[in-house]
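A.B. asks: structure of the sequence below:
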Amino acid sequence: MRSFSWHKRLLPLTMTVMALLFTEKAASLAREATARSPAQVAADAGPAPAAAAQTAPPRPSLPSASAPVQPPPASSAELQLLQDLRKRRQALDERERQIDQKADLVQAAELKLQARLDELTALQARLEQVEDDRRKRNAANWSGLVKTYEDMKPRDAAGIFNVLDMNVLLEVLDRMDERKAAAVLAAMLPERARLATQMLAQKRLHADTVEPRPAAAVPVAVAADQHG
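C.D. replies: Numbering: from 1, shown residues only. This next block holds a predicted model:
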């Protein structure tokens, strides 16, 4: 009975001692945890996250919205096509340059030809003016000579016409008044008057084939026939 009562008193004492030791140990751990720095706590907890980071697969980086999209590299066929197009473009540019040069040469030749044509046109106009002035002077000279013979008496004029050069005689007779020319022919030598009338008719016939003109001095032939 005494032995049982001793054990009965020892058990609560033991439990009290253990409770005190546990309380002391918990307080000591609490003090150590409070005294440690956050860096030491992170160092103690570091290996586990690092290992997790090594085992975790890398996350693919998404392209930013502002970064340009790179085109895929060109193939050899595309490169060859680009080279052919570049050569074709160069050939077309060279051909266009040659065409422009030819066009410039043609334009320069046309300008030179037009200038030469203008010179020839001006020269022709000057020559025509000179010829017209010569004809006017010639007509004026013949008019003065013809008037001289028209003012003479027919017999006096006939004496001169009988020995006058035939070419001059024909020009004078062709320009004289028809009635006065007939009077002079009537006073000339018959053979001389006949020859002058014949040559004058041929002269006027030839002139009519080149430039038609009204018939004139018909009485001259009539006067010449009267001597025959």
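A.B. asks: now do residue 65, the pLDDT please.
C.D. replies: Residue 65 is assigned 52 on the pLDDT scale.
A.B. asks: let the chain start at 874 from now.
C.D. replies: OK, 874 is where the count begins now, so the last one is residue 938.
A.B. asks: name the residues that touch stretch 1034-1050?
C.D. replies: Under the contact criterion Cβ atoms under 8 Å, 6 or more residues apart in numbering, stretch 1034-1050 has outside partners 1015-1016, 1018-1019, 1022-1023, 1054, 1057-1058, 1061-1062, 1065, 1068-1069, 1072-1073, 1076-1077, 1090, 1093. Heads up, the C-betas are built off the backbone N, CA and C, glycines and all.
A.B. asks: what bits of the chain have low per-residue confidence?
C.D. replies: Per-residue confidence for the chain (pLDDT under 70) gives these ranges: 874-887, 890, 903, 905-945, 1081-1101.
A.B. asks: where do the helices of it begin and end?
C.D. replies: Here the chain has its helices, by DSSP state H, at 875-908, 911-918, 920-928, 949-1024, 1027-1034, 1039-1048, 1051-1060, 1063-1083, 1091-1100.
A.B. asks: highest mean neighbour count out of these?
C.D. replies: Most buried of these by mean neighbour count (mean count of other Cβ atoms under 10 Å) is helix 1051-1060; its value is a mean of 21.
A.B. asks: quick check: angle from that helix to helix 1063-1083?
C.D. replies: Helix 1051-1060 runs at 140 degrees relative to helix 1063-1083, counting by axes from the mean of the first three to the mean of the last three Cα atoms, to 10 degrees.
A.B. asks: tell me the domain boundaries of this protein?
C.D. replies: Split into domains by automatic domain parsing, the chain comes to 953-1024, 1025-1100.
A.B. asks: how about the ones you listed in a markdown table, adding distance to residue 893?
C.D. replies: Listed next are those as a markdown table, based on distance: least, Cβ to Cβ, whole Å:
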| stretch | distance to residue 893 |
| --- | --- |
| domain 953-1024 | 93 |
| domain 1025-1100 | 165 |
